[in-house]
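**Student:** Build me a structure from this.
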Amino acid sequence: MATGFPYKGNRVIPRLQTLDSGMIVACFTIESNDGAVVRYAREMPTNEFASEDDAIAYILDFSGDWIDQNPI
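**Tutor:** Here you go, the predicted structure:
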């Protein structure tokens, strides 16, 4: 099973990257809890963050809203 944050039968898996500027970009996937189905994937970062904590908070907030609007 992939590591990540479980939520309502899904698992949110962050993939953070640090830019040369020191800013953090947030890519992530939302998978079914068993990892069999990728339900959403953010491959291209759309936001930059000053810290990993800020990036994770954004990912979890966005993902929670998306999952609530797109239940299994």
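**Student:** Only the buried residues of stretch 51-61, if you could.
**Tutor:** Buried residues in stretch 51-61, defined by neighbour count with 16 or more other CB atoms under 10 Å: 55, 56, 58, 59. The way it works is simple: take the backbone N, C-alpha and C, and place the C-beta from them, glycine included.
**Student:** Pull the residues that contact the one helix or strand the third one maps to.
**Tutor:** In this assignment (DSSP states H and E), residue 58 forms part of helix 52-69. Residues outside helix 52-69 that contact it (CB atoms under 8 Å, 6 or more residues apart in numbering): 5, 7-8, 10, 12, 14, 16, 24-26, 28, 30, 40, 47, 49.
**Student:** For the buried residues of stretch 51-61, name the two members farthest from one another.
**Tutor:** 56 and 58 (7.3 Å; CB to CB).
**Student:** OK, contacts around residue 15?
**Tutor:** Residue 15 neighbours (CB under 8 Å, 6+ apart): 26, 27, 28, 29.
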